[in-house]
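A.B. asks: Task: produce atomic coordinates for the following.
(chains A and B)
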Amino acid sequence: MGKLNIELNDAKNAFAPGEQVEGRIEWSLDANPNALTLSLLWYTSGKGTRDVGVLCTKRIDSPGALGSDRFSFTLPAGPYSFSGKLISLIWALELTCTPGSDTVREEIIVSPTGREILLTSVAGQSEGKNNQSGPFLKRILGVPYAGA
Amino acid sequence: MRIVSCRGTGDGVSKPASILGRLGLSLFFLLFFAMGSLFEVFILREAGRALGQRAWKKTPCTIVTSEVRERSDSESPYAFSISYRYDCGGKTHNGSVYKRGYSGSSAYSAAQDLVQRYPAGQTTVCHVNPANADEAVLKRDSILIGLVALFPLLFVAIGAGGIYFLWRRPSPAQAKPIAPMVIGAKTKSKYAAAIFFAVFAIAGGAMLYPLGIRPIARTLDADSWTPTPCKVLRAEVRSHDSDDGTTYSAYILYQYEFEGRTYKADRYDFLGGSSSGYQGKARIVAQYQSAVAPICYVNPEDPSEAVLKRGFHAKLLLALFPLPFLLVGVGGLVYAVRGKGRDASRPAASTEPVPDRRVDSLSVLRAGDARPAVLRPRFSVSGKLIGAVVVAVFWNGIISIFVFNTSSFEKIFLLPFIAIGVGLIGLVAYQFLALFNPRPALELSPAVIPLGGAAALRWSFAGQVSRITEFTLTLRGIEEAKYRKGTSTYTDKNTFCEMELYRTSDLAEIASGQVGLVLPGDTMHSFSAENNKIIWTIEIRGDIERWPDVKESFEIEVTPAVNGRQERHG
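C.D. replies: Here you go, the predicted model:
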């Protein structure tokens, strides 16, 4: 069994939307593959049936059994990496060898805060609900008025 | 704050079953395999015999006698009895077998049809066994029985496949590629949908002629048939047992004279078949048992053909039963083949190289987003009523079949289902009353709000707004996950954000108003994939005393933050 590797620049794995994802892929395989494909993708995990979105791919034809290459992808504005009670959305870089099923995946986070967005459950945290609406009402633009 | 994450769960990866569980399942699959194999052997043996008859020698023969013989056998009391003569190997032989395994019919007309097809004195072709010249048949076995072999093959495959997958050694743990899941997924599902709907269309089309068009055409044609007095020879309600319970049919054998000849027929109407409900059939039978000189209608072109009931009657509408199948099949097929627009959440569903997209974070705001937009409710009031009616009719329709076909004791077990049916009727009434509620209208400016962005929300009501005692406006963020379990599809929802935007009991404020809102920056924007969604809604609730409340939900679009980064909310 061969070896595939994805290495991100500066071992950075959290990115803001629109940012560049850069790094290097390495492969050391038992036989010459037809192609290697590096994909930037997101997929869902959790209760729902999995959804997948492939944003960009980089295909290397006849790469030889041993080698390395650099890559650079630009992230889109969304969707963000998030995790809720039912759904998680995970961004990843995935290197796949053809033919065969050798695959390596490097998960990254795409979020403006640099952290996965955590979605809480309202039913399970009534206290949080009140805390949330308090500051929110203070942020209401203008004074609510009737008969507008 | 409690954070619940379910990352890494529920991706269709199930825990391996225990040895005991696997043994139990193996037994189950083994039963499938054994039963399937047994039926397969029987069917293949029959198919082999049918194939063997293809080699039998075609020989001219002369029909000597041909008649319908009545027997005491209650299952198939009418038998086509025939004798014929043929020459083979320089000798004359006598045959009396119509078809191997033929044992008569429950309907007189079926046997009568054969008498007409093989009248005495006619010369026809019989098939003689070359190995035994005394063995001959008029009609050979159908080799189409071979096709039936495919059915038990399904059981064999399920059994063998189940055992294989239960006991196969799992492949070494390794990451399964995800990107290829997208490749051709749309095309595959498109073809799967097309095949599914094609089966519907073919089944509907194939059933429509024999079950629909033909009976209706013949009923209309019978309007020109000659009314003739007839004598009822036999009238009874016949019961037919099936997996779906017992069904009944009215069987009436009658005799009539036409142009000097005596005929017998047993056609009541052109629909035939059987259905649930004993009483209706018993009434028909009683009516003909007591009739002194009932009238049948005889086809003047073929006097052996007659019917008791002609002209339009409500039961004929049942003949249109295959039509919805055909329409759903054809409609679905067209929709599946044409396909719908590509899901925006799947920007690149292929492995073809996709050019790096330099995404301007501002591009998430669409042109014209700054303009206000009138929001449309997710489900209109009339839509809810129609939905409730459809579900209530469907549920109660099915339940009523059981209610009318079960004994009083059995009805006790149906009580929970009847209660649901009554509840659904209540829901229909509730939704009907809700039609007369004041109708809210919402206007959001801008139409699309980025995370951390601000918007103004205006509301107004049409109708008798004075009936509303309290008005609430709530912003909700909902996770929605769709998944399959067996053959059913389920959708689970979880509210992750709930904010009360406005609450008032003041009539003037309820009638119309405006509120500003700022969306939190540290949450998730709207997201819509095939099975997983993040939905943002504005919900209006107006309490009305002793009447269904106003409850409307309006979906809004929340986009990623404008600058790609935003302030961190504590």
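A.B. asks: rest of the way, CA atoms for contacts and neighbours
C.D. replies: OK.
A.B. asks: dump the residue contacts of residue A:115.
C.D. replies: Contacts for residue A:115 (C-alpha atoms under 8 Å, 6 or more residues apart in numbering or on different chains) come out as A:14, A:81, A:109.
A.B. asks: Also residue B:293?
C.D. replies: Residue B:293 touches B:229-231, counting by C-alpha under 8 Å, 6+ apart.
A.B. asks: how near is it to residue B:265?
C.D. replies: From residue B:293 across to residue B:265, the span is 15 Å (C-alpha to C-alpha, to the nearest Å).
A.B. asks: what's the helix or strand hosting residue B:36 packed up against?
C.D. replies: Per DSSP states H and E: residue B:36 is located in helix B:19-53. Contact partners of helix B:19-53 among helices and strands, from 3 or more C-alpha pairs under 8 Å, 6 or more residues apart in numbering or on different chains; DSSP states H and E: helix B:145-148, helix B:150-167.
A.B. asks: Pull out the buried positions in the shortest one.
C.D. replies: By neighbour count with 16 or more other C-alpha atoms under 10 Å in any protein chain shown, helix B:145-148 contains the buried residues B:145-146.
A.B. asks: Skipping adjacent residues, who's closest to the residue nearest the centre of chain B in space?
C.D. replies: Residue closest to the average C-alpha location in chain B (C-alpha atoms, centre = their mean): residue B:325, at 8.0 Å. Spatial nearest neighbour of residue B:325, excluding adjacent residues (C-alpha to C-alpha, 6 or more residues apart in numbering or on different chains): residue B:204 at 4.7 Å.
A.B. asks: Over to residue B:157?
C.D. replies: Using C-alpha to C-alpha, 6+ apart, the nearest residue to residue B:157 is residue B:33, at 7.3 Å.
A.B. asks: Check the helices and strands packed on helix B:19-53 for me and report the most buried one.
C.D. replies: Highest mean neighbour count among these (mean count of other C-alpha atoms under 10 Å in any protein chain shown): helix B:150-167, with a mean of 17.
A.B. asks: pLDDT below threshold where in chain A?
C.D. replies: Residues of chain A that meet the criterion pLDDT under 70 lie in A:1, A:123-148.
A.B. asks: the strands in it, which residues?
C.D. replies: Listed in chain order, the strands of chain A (DSSP state E) span A:3-8, A:14-15, A:20-28, A:35-46, A:52-61, A:66-74, A:82-83, A:87-98, A:103-110, A:117-118, A:145-146.
A.B. asks: Would you reformat those as TSV and include mean neighbour count and distance to residue B:157?
C.D. replies: Formatted as TSV, the strands of chain A follow (neighbours: other C-alpha atoms under 10 Å in any protein chain shown; distance: least, C-alpha to C-alpha, whole Å):
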stretch	mean neighbour count	distance to residue B:157
strand A:3-8	18	38
strand A:14-15	20	48
strand A:20-28	17	41
strand A:35-46	22	32
strand A:52-61	22	31
strand A:66-74	15	43
strand A:82-83	24	40
strand A:87-98	24	31
strand A:103-110	21	32
strand A:117-118	20	45
strand A:145-146	16	69
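A.B. asks: I'd like the ones you listed laid out as CSV, including distance to chain B.
C.D. replies: Listed next are the strands of chain A as CSV, based on distance: least, C-alpha to the nearest C-alpha, whole Å:
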stretch, distance to chain B
strand A:3-8, 11
strand A:14-15, 10
strand A:20-28, 9
strand A:35-46, 5
strand A:52-61, 5
strand A:66-74, 6
strand A:82-83, 6
strand A:87-98, 6
strand A:103-110, 6
strand A:117-118, 6
strand A:145-146, 4
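A.B. asks: what about the nearest residue to residue A:75 once chain neighbours are set aside, distance to residue B:147?
C.D. replies: Nearest residue to residue A:75, sequence neighbours excluded (C-alpha to C-alpha, 6+ apart): residue A:18, at 4.6 Å. According to C-alpha to C-alpha, residue A:18 stands 59 Å off from residue B:147.
A.B. asks: Where does the prediction get shaky in the stretch 301-450 of chain B?
C.D. replies: Ranges of the stretch 301-450 of chain B meeting pLDDT under 70: B:314, B:318-319, B:339-370, B:405-407.
A.B. asks: one step back: number of residues surrounding the residue nearest to residue B:157?
C.D. replies: Close neighbours of residue B:33, defined as other C-alpha atoms under 10 Å in any protein chain shown, add up to 23.
A.B. asks: Next up, the contacts around it.
C.D. replies: Contacts for residue B:33 were tallied using C-alpha under 8 Å, 6+ apart; they are B:155-160.
A.B. asks: pLDDT added to the residues you listed, as JSON lines?
C.D. replies: JSON lines is the format used below for the contacts of residue B:33 (pLDDT from 0 to 100):
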{"residue": "B:155", "pLDDT": "87"}
{"residue": "B:156", "pLDDT": "89"}
{"residue": "B:157", "pLDDT": "88"}
{"residue": "B:158", "pLDDT": "87"}
{"residue": "B:159", "pLDDT": "88"}
{"residue": "B:160", "pLDDT": "90"}
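A.B. asks: from those, which single one is nearest chain A?
C.D. replies: Nearest to chain A among the contacts of residue B:33: residue B:158, at 24.0 Å, using C-alpha to the nearest C-alpha.
A.B. asks: quick one on the thing from earlier: now the residue nearest to the centre of chain B, what are its backbone angles?
C.D. replies: Main-chain dihedrals, residue B:325, degrees, to the nearest 10: phi -60, psi -50.
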